[in-house]
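Visitor: Structure for the following, please:
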Amino acid sequence: QVVESGGGLVQPGGSLRLSCTASGFTEDKYIIGWFRQAPGKEREAVSCITMSDGSTYYEDSLQGRFTISEDNAKNSAFLQMDSLKTEDTGVYYCAAVTDWSTVATMCVMPTHEWDAWGQGTQVTVSS
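Guide: Alright, predicted model coming up:
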């Protein structure tokens, strides 16, 4: 199970921090990923982190504005989003999957291969 929080309304150039907490996974042998889905578009991977060693993956266009981090002791991962743009608007989902390959490989897996999904949190970037 995963639960995410932290969405909201922010002006262009602003920041938001999303949080995700996972449960039911074996120790730290899992990956947490952030995905987003804009209206009328497919869900896409944003960033992922390996809970065991902190390895990260970012969608190319987002690196530098978004930062993923983890707190293994709290089974949580965070997505710091800075310099937000209107095109960042969408529903942001957190997901978790047992770790069996590199974070780069797993982050771009089809969504149905992830073990657990959160309910999603709305992020709206608008003036």
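
Visitor: Tell me which residue is most central in this protein.
Guide: The centroid of the chain falls nearest to Trp34 when counting by C-alpha atoms, centre = their mean (1.6 Å).

Visitor: Got phi/psi on that one?
Guide: Dihedral angles of Trp34 (phi, psi; degrees, to the nearest 10) stand at phi -110, psi 130.

Visitor: any idea how far Ala38 is from the residue nearest to it when sequence neighbours are not counted?
Guide: Closest residue to Trp34 apart from its sequence neighbours, by C-beta to C-beta, 6 or more residues apart in numbering: Val46 at 4.4 Å. All C-beta atoms are positioned from the backbone trio N, CA, C, and that covers glycine. Val46 is 11 Å from Ala38, where distance means C-beta to C-beta, to the nearest Å.

Visitor: more crowded one of these two?
Guide: Taking other C-beta atoms under 10 Å, Val46 and Ala38 do not tie; Val46 has more neighbours (23 against 14).

Visitor: give me the element the more buried one is part of.
Guide: Val46 is part of strand 44-50, with elements assigned from DSSP states H and E.
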